[in-house]
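Q: okay, here's the prediction I keep looking at, along with the sequence it came from:
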Amino acid sequence: MNADAVDGIVEQWARERPDMAVDAIGVIARILRIAKLITDERRRVLAELGIDSATLDLLATLRRAGAPYRLTPAEIAENCLVSGGAITQRVTRAEDAGLVRTQRSASGKRTVAVELTEHGHQVIEHDIEVLIGRERQLIAGLPADDRRQLEGLLRELLGRMSRE
């Protein structure tokens, strides 16, 4: 396997600080670099599609919920891992764009459900297919067995880090 820039960083730190364990650099620095590449590519694809990440996240959350593609704001917040205030902003923008509709409480002050519109359903069906297709291209260089192994290792790492 060929050395990369991260190997150089690890070697430099090992030389400069032989008293310090530097093995984490090889993992973390590569994860950070991969995350940046993926984030940059995702941003580019979403710009081409004319949708922002927050709106895509909202539409995808509703779509994954299954028919009738409706959730409460609290359910959306839990699935999107953001605050209720952030969901309110996302829903307002998506509603203004005709992507979702809201059902309000009898007093009309509180949103009790958010639902994909037909237009929102069409947008998410198209956009998620394009995005996932591009993400598949990004990892296509890894053989299927390696992808499954990497997925398992990342799941394990994420699970351990989430518990700590």
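A: Looks like it came in fine.
Q: burial of Asp23, as a residue count?
A: 9 (other C-beta atoms under 10 Å). Where you see a C-beta, it was placed from the backbone N, CA and C, and this is true even at glycine.
Q: who's in contact with it?
A: Contacts for Asp23 (C-beta atoms under 8 Å, 6 or more residues apart in numbering) come out as Val10.
Q: again with Val114
A: 58, 62, 70-73, 76, 91, 100-103.
Q: if we use 7 Å, what do you get?
A: Taking C-beta atoms under 7 Å, 6 or more residues apart in numbering as the criterion, Val114 is in contact with 62, 70-71, 73, 76, 91, 100, 102.
Q: would you confirm that it belongs to a helix?
A: No. Counting by DSSP: H, G, I helix; E, B strand; the rest coil, one finds Val114 to be strand, located in no helix.
Q: from the contacts of Val114, pick the one nearest Ala5.
A: Here the nearest of the contacts of Val114 to Ala5, counting by C-beta to C-beta, is Ile76; it sits at 39.7 Å.
Q: measure that closest one to Val45 for me?
A: Distance of Ile76 to Val45, given as C-beta to C-beta, to the nearest Å: 23 Å.
Q: ok, back up a step: select from the contacts of Val114 the one having the most neighbours.
A: Val100 (27 neighbours).
Q: where are the low-confidence patches of this structure?
A: Applying pLDDT under 70 to the chain picks out residues 108, 164.
Q: tell me which residue is most central in it.
A: Centrality entry for the chain: nearest residue to the mean C-alpha point is Asp57, 7.5 Å, by C-alpha atoms, centre = their mean.
Q: would you mind writing the CA trace of the helix or strand harbouring Gln122 as CSV?
A: In this structure, Gln122 is located in helix 118-139 according to DSSP states H and E. Extracted in CSV, the C-alpha atoms of helix 118-139 (Å, rounded to 0.1, in the frame of the first residue of the first chain):
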residue,chain,number,x,y,z
GLU,A,118,-46.7,15.6,-3.9
HIS,A,119,-44.0,18.1,-5.1
GLY,A,120,-41.9,17.4,-2.0
HIS,A,121,-42.2,13.6,-2.7
GLN,A,122,-41.0,14.1,-6.3
VAL,A,123,-38.1,16.3,-5.2
ILE,A,124,-36.8,13.9,-2.6
GLU,A,125,-37.2,10.9,-4.9
HIS,A,126,-35.1,12.5,-7.5
ASP,A,127,-32.6,14.3,-5.3
ILE,A,128,-31.8,11.3,-3.0
GLU,A,129,-31.3,9.1,-6.0
VAL,A,130,-28.8,11.5,-7.5
LEU,A,131,-27.0,12.1,-4.1
ILE,A,132,-26.8,8.4,-3.2
GLY,A,133,-25.6,7.6,-6.7
ARG,A,134,-22.8,10.1,-6.3
GLU,A,135,-21.9,8.8,-2.9
ARG,A,136,-21.7,5.2,-4.3
GLN,A,137,-19.3,6.5,-6.9
LEU,A,138,-17.1,7.9,-4.1
ILE,A,139,-16.6,4.5,-2.5
